[in-house]
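Colleague: Predicted model, plus sequence, below.
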Amino acid sequence: MMLFSRVRGLPVLTPGDADRVGAVRALTVDGACGEVTHVRIGRGRLRREAVVAWADLGAVGPELLVARPSGRPAGVSPHRDLVGSRVLTECGEARGTVLDAAFDPVTARIEAVLTTLGELPADRLLGLGDHALVVRTGHGHRGQGVPRGRTSRRAGAGGSA
């Protein structure tokens, strides 16, 4: 298990001659399937960042990553930072902010998301967008059983039911 916060800043090397490509700037996540898909590598101020698919990493360790060359075209999904994202339920209720995430470096599966309000299991993730990380509430929808536009106070408001 690795934390996003521990991966950020790790050196990325090439296999064989171990040339330094750069340092991990961020991890790209597919929130719907709960996996790390790409590593974004900072290569210095005057050079554009490199993007490497997680599947193209030759080795992942606590002190470095090794990126092997890929013959695949770089079809990269847009990057959205998981860490720092607002957390909202599918009902629009705020559930804090993402502080960190734990993931399996072998499978790239996210195991848990650590938020300002506690830990969220990965099976609650629905998607990650520009605005927020959206998660399942883990229980019935708010107001379930009460028609939209009505409140439970109405029946006890003094009128006949």
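Modeller: It's in.

Colleague: now the strands for the chain?
Modeller: Assigned strands in the chain, in chain order: 2-3, 11-13, 20-30, 35-42, 50-53, 57-60, 65-67, 86-89, 94-103, 110-115, 118-121, 125-128, 132-135 (criterion: DSSP state E).

Colleague: Just name the most buried of these.
Modeller: strand 132-135 (a mean of 24; mean count of other CB atoms under 10 Å). Heads up, the C-betas are built off the backbone N, CA and C, glycines and all.

Colleague: Could you spell out the sheet neighbours of that strand, each with its direction?
Modeller: strand 86-89 (parallel), strand 125-128 (antiparallel) (DSSP bridges).

Colleague: if I pick Arg45, what's in contact with it?
Modeller: Counting by CB atoms under 8 Å, 6 or more residues apart in numbering, Arg45 touches no other residue.

Colleague: ok, it to Val39 distance?
Modeller: 19 Å (CB to CB, to the nearest Å).

Colleague: cool, and Leu120?
Modeller: 23 Å.

Colleague: ditto for Cys91
Modeller: For Cys91 relative to Val39 (CB to CB), the value is 33 Å.

Colleague: returning to what we had before: so can I have CSV of the strands of the chain showing distance to Arg80 and mean pLDDT?
Modeller: CSV is the format used below for these (distance: least, CB to CB, whole Å; pLDDT from 0 to 100):
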stretch, distance to Arg80, mean pLDDT
strand 2-3, 18, 94
strand 11-13, 21, 90
strand 20-30, 7, 90
strand 35-42, 11, 91
strand 50-53, 14, 87
strand 57-60, 20, 85
strand 65-67, 21, 86
strand 86-89, 12, 96
strand 94-103, 11, 96
strand 110-115, 14, 96
strand 118-121, 17, 94
strand 125-128, 5, 93
strand 132-135, 9, 95
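
Colleague: any chance of those strands in JSON lines, plus distance to His79?
Modeller: What follows is the strands of the chain, written out as JSON lines (distance: least, CB to CB, whole Å):
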{"stretch": "strand 2-3", "distance to His79": "19"}
{"stretch": "strand 11-13", "distance to His79": "16"}
{"stretch": "strand 20-30", "distance to His79": "5"}
{"stretch": "strand 35-42", "distance to His79": "6"}
{"stretch": "strand 50-53", "distance to His79": "8"}
{"stretch": "strand 57-60", "distance to His79": "17"}
{"stretch": "strand 65-67", "distance to His79": "17"}
{"stretch": "strand 86-89", "distance to His79": "17"}
{"stretch": "strand 94-103", "distance to His79": "15"}
{"stretch": "strand 110-115", "distance to His79": "16"}
{"stretch": "strand 118-121", "distance to His79": "21"}
{"stretch": "strand 125-128", "distance to His79": "10"}
{"stretch": "strand 132-135", "distance to His79": "14"}
